[in-house]
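*Asks:* Kindly return the folded structure for what I paste below:
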Amino acid sequence: DVAEKLVAVLQRTPDGARLDWRIDIPAGTRVALDPADLSEALGALAENAARHARSRVALSARAQEGQVLLGVTDDGPGIPPERRTALRARHGHADETGTGLGLAIAAEIAEAAGGRLTLSDADPGLTATLALPSPGAPG
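*Replies:* Residues are numbered from 1 along each chain as shown. You can find the predicted model right below:
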């Protein structure tokens with residue numbers, strides 16, 4: 001539900017309106033995180049993806065070892081591996097279009113919930129993955 005609502009909002013923005021949005025999240029997927037925090041973290045990643053994508057953004061989820069991996073993949077230019085750690089800090093910028101807070105906010109929310117944010121290459125583009133605890137997973 002959170003992903004669908006985020007995409008509906010982002011599709012009404014100039015960046016989001018020009019993109020093909022895909023959601024591949026199984027019905028009933030749940031994480032051990034407050035819905036407002038999930039919206040904020042996933043929204044920050046989706047906004048970044050919309051800003052940098054050429055034509056497509058995909059949101060996905062899969063279960064893995066007591067966690068849910070929520071991925072946001074865009075087909076933009078990506079981020080060089082040597083810049084990824086700095087971009088997760090507050091005010092870290094890949095370019096001049098944003099505030100530099102999105103990745104930091106998403107990382108802080110994930111870490112507070114016992115998860116993490118990772119950035120990895122996609123072909124083409126970048127995948128930002130929130131690894132969050134599944135409900136009932138050992139803390």
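
*Asks:* Need the three-state assignment for residue 72.
*Replies:* Under DSSP: H, G, I helix; E, B strand; the rest coil, the three-state class of residue 72 is strand.

*Asks:* May I have the beta-bridge partners of it?
*Replies:* Under DSSP bridges, the beta-bridge partners of residue 72 are residue 59, residue 128.

*Asks:* so who does it touch?
*Replies:* Residues counted as contacts of residue 72 (C-beta atoms under 8 Å, 6 or more residues apart in numbering) are 42, 45, 46, 48, 49, 57, 58, 59, 127, 128, 129. C-beta here means a position set from N, CA and C on the backbone, and glycine is covered the same way.

*Asks:* Next, find the distance separating the closest residue to residue 18 other than its chain neighbours from residue 122.
*Replies:* Nearest residue to residue 18, sequence neighbours excluded (C-beta to C-beta, 6 or more residues apart in numbering): residue 55, at 7.7 Å. From residue 55 across to residue 122, the span is 13 Å (C-beta to C-beta, to the nearest Å).

*Asks:* residues in contact with stretch 1-18?
*Replies:* Taking C-beta under 8 Å, 6+ apart as the rule, stretch 1-18 contacts 19, 21, 23, 25, 35, 38-39, 42-43, 46-47, 50-51, 53, 55, 59, 61.
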